[in-house]
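In: Could you work out the structure for the sequence below:
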Amino acid sequence: MTPLSADSVEALFTRSDGQYLFARWGRPIVPVIFGVEPPSVATLKGAIEALCVLTGHKMAETDPELGANLMIFFCRDWSELPEVPNLDRLIPDLDHLIARLTEAQANQYRIFRFDEAGAVRACFSLIRMDQHLSDVPAETLALNQMVQAMLLWSDTAFAQASPLAMASGNAVLRPDIADLMRAAYDPVLPAHAQDASHALRLAARLGRTQ
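Out: Residues are numbered from 1 along each chain as shown. Below is the predicted model:
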């Protein structure tokens, strides 16, 4: 597959308000998953492990500050979230957020927290298993969710095209997105960027990996 162009890379990190904003994790990822059965937990953790291998990032057993820093909450209806103990402490204005998600009929939402350098320090992923997501195979759902938690993508990044592709009947990460994620975690590059010239640096590394 042809590497992504610099313009395509820039678009993946340019938000709907026109701001370029890139961030990757600045600490080992410690996932915890609520609302699914153990086999699904294993599938989700397997997906994040695979992406950490791809990018060279690390996982850990515990985060010294937060305990767990990638928290994934599954529910059938947004109204279930206030029942999760202490979730309102992690997510300010939780009731207002739930009202917005319900009105928009959204089925997923991610909240990122950042450290002093702008790198990701935590991610809270909220997933409502509506009919559409319920029809998605567990492995596909897990990989898609973990891809979107690994980087601060644009809010419109995958509106037109999924980061996944089908291979022999199985969902896999698109090769061009895999190359981009690998480049995004290159330690030579910053963990946070707000200047679109950063996309040129990413794209240049994609060219060298082909």
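
In: going forward, measure contacts between C-alpha atoms and count neighbours the same way
Out: Fine.

In: Could you measure from the residue nearest the centre of the chain over to Leu143?
Out: The centre of the chain sits closest to Ala149, judged by Cα atoms, centre = their mean, with a distance of 1.6 Å. For Ala149, the distance to Leu143 (Cα to Cα, to the nearest Å) stands at 10 Å.

In: Repeat that for Leu164.
Out: Here Leu164 is placed at a distance of 8 Å from Leu143 (Cα to Cα).

In: ditto for Leu51
Out: From Leu51 across to Leu143, the span is 9 Å (Cα to Cα).

In: all strands of the chain, in order?
Out: Per DSSP state E, the chain carries strands over the ranges 22-23, 31-34, 70-75, 108-114, 120-128, 164-167, 170-173, 192-193.

In: Highest mean neighbour count out of those?
Out: When the strands of the chain are scored by mean count of other Cα atoms under 10 Å, the highest mean neighbour count falls to strand 22-23 (a mean of 26).

In: ok, what's across the strand from the closest residue to Trp25 other than its chain neighbours?
Out: Distances taken as Cα to Cα, 6 or more residues apart in numbering place Val120 nearest to Trp25, at 4.4 Å, with adjacent residues excluded. On the basis of DSSP bridges, Val120 is bridged to Trp25, Phe114.

In: Val120 and Phe22 touch, don't they?
Out: No: if you go by Cα atoms under 8 Å, Val120 and Phe22 don't touch, sitting 9.8 Å apart.

In: need the longest helix for this structure.
Out: helix 38-55 (DSSP state H).

In: outside of it, which residues touch it?
Out: Residues outside helix 38-55 that contact it (Cα atoms under 8 Å, 6 or more residues apart in numbering) are 31, 33, 58-59, 138-139, 142-143, 146-147, 150, 178, 181-186.

In: give the contact list for Leu164.
Out: Applying Cα under 8 Å, 6+ apart to Leu164 gives the contacts 144, 171-174.

In: What pLDDT does the model give it?
Out: pLDDT, Leu164: 95.

In: Kindly report the same for the one 3 residues further on.
Out: Reported pLDDT at Ala167 in the predicted model: 86.

In: repeat for the one 10 residues further on
Out: The per-residue pLDDT reported for Ile177 equals 96.

In: Show me where this protein has its helices.
Out: 6-12, 38-55, 87-90, 94-104, 131-134, 138-150, 175-184, 197-209.

In: weakest of these in terms of mean pLDDT?
Out: Ranked by mean pLDDT, these bottom out at helix 197-209, with a mean of 86.

In: Alpha carbons of that one, in CSV - could you do that?
Out: The C-alpha trace of helix 197-209 is given here as CSV (Å, rounded to 0.1, in the frame of the first residue of the first chain):
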residue,chain,number,x,y,z
SER,A,197,4.8,20.9,10.4
HIS,A,198,4.9,17.8,12.7
ALA,A,199,2.8,16.0,10.0
LEU,A,200,5.7,16.5,7.5
ARG,A,201,8.1,14.9,9.9
LEU,A,202,5.7,11.9,10.3
ALA,A,203,5.3,11.6,6.6
ALA,A,204,9.0,11.7,6.0
ARG,A,205,9.5,8.7,8.3
LEU,A,206,6.8,6.8,6.5
GLY,A,207,8.7,7.2,3.2
ARG,A,208,11.8,5.8,4.8
THR,A,209,10.1,2.7,6.2
